[in-house]
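K.L.:
predicted model follows, preceded by the sequence.
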Amino acid sequence: MINPISVHLSLQDLRDRKLRQVSSDNERTNRKRIAHSFKDGELVYLHNDVMNRSKLHPVYLGPYKIDKVNPNGTVVLQRETALETVNIRKLLPAGEVPAGRMSQSNKIIDNCPRIVLYCSREQRSHCSLVNESSSKMLIL
């Protein structure tokens, strides 16, 4: 047999408790965020959130130039051949990439041409170096 239990709840108390919980969750979430306001023309790195990314692929891609900053928390990036709208949560300012989180091929050093190592998925031993500025394969 179930005994009836009287419960007295105040809707205002429930609302206040919920608001306190939401504000404490927001504080905890925002503690590690970097305060940064993006500007037009700024260089940023884009988080590589491809689902089948292996551990050898870079975590951040770029750098890409911001074409336009939208007021709704998105920016328009100038990627290789097209413009792409991206949420600012996926961006990292160009000077703040953690060490070891970006592949060597994505570093810009004194405007040197980028040389990228491409490996086939089937045969990891079959790799080739490609100069991206001239799209020519380099002979090893």
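P.N.:
In hand now; what should we look at?

K.L.:
contacts and neighbour counts: CA atoms only from here.
P.N.:
Will do.

K.L.:
okay, now the domains of this structure?
P.N.:
Structural domains assigned to the chain are 35-102, 109-140, following automatic domain parsing.

K.L.:
measure residue 89 to residue 6 for me?
P.N.:
Separation of residue 89 from residue 6 (CA to CA, to the nearest Å): 47 Å.

K.L.:
the two: which is more packed in?
P.N.:
residue 89 (11 against 6; other CA atoms under 10 Å).

K.L.:
so what pLDDT did that one get?
P.N.:
Looking at residue 89, its pLDDT reads 86.

K.L.:
what's the answer for the one 5 residues further on, then?
P.N.:
Among the per-residue scores, residue 94 shows a pLDDT of 84.

K.L.:
quick revisit: can you flag the weakest of the domains of the chain by average pLDDT?
P.N.:
When those are compared by mean pLDDT, domain 109-140 comes last with a mean of 51.

K.L.:
the lengthiest strand in the chain pairs with which strands, parallel or anti?
P.N.:
If you go by DSSP state E, the chain has its longest strand at strand 60-69. Sheet partners assigned to strand 60-69 using DSSP bridges are listed as strand 43-47 (antiparallel), strand 74-78 (antiparallel).
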